[in-house]
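> sharing a sequence plus its predicted fold:
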Amino acid sequence: MFGEMGLITREPRSTCVRANDDVVVYILDRKNYENLSQSAPHILAKLLANVSIELAERLRITSAQVGELERYI
């Protein structure tokens, strides 16, 4: 999953993604995101729960990296 924070915050994406192999990409644009929030909020809630899990993992990794860097300061 990528680009999710831009979808939620309406800010530009902060990174790019490049696939090394063939992939299938599913796009959830702003219009469909808003439609989903109205027509199927339970599905959007599951999506946002997955985003929260992904963000927590990114934060854990970043914290570990900062901790490693602090050892050398």
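Received, thanks.
> pLDDT on the host helix or strand of residue 63, on average?
Secondary structure from DSSP states H and E places residue 63 in helix 41-70. Helix 41-70 carries an average pLDDT of 85.
> ditto for stretch 13-22
Throughout stretch 13-22, pLDDT has a mean value of 85.
> okay, that stretch in CSV with CA atoms only?
What follows is stretch 13-22, C-alpha atoms only, in CSV (Å, rounded to 0.1, in the frame of the first residue of the first chain):
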residue,chain,number,x,y,z
ARG,A,13,2.7,11.9,-1.8
SER,A,14,6.1,11.9,-0.1
THR,A,15,7.6,9.0,-2.0
CYS,A,16,7.7,7.0,-5.3
VAL,A,17,7.3,3.3,-5.9
ARG,A,18,8.9,1.2,-8.6
ALA,A,19,8.0,-2.5,-9.1
ASN,A,20,10.7,-5.0,-9.9
ASP,A,21,8.2,-7.5,-11.4
ASP,A,22,4.8,-7.3,-13.0
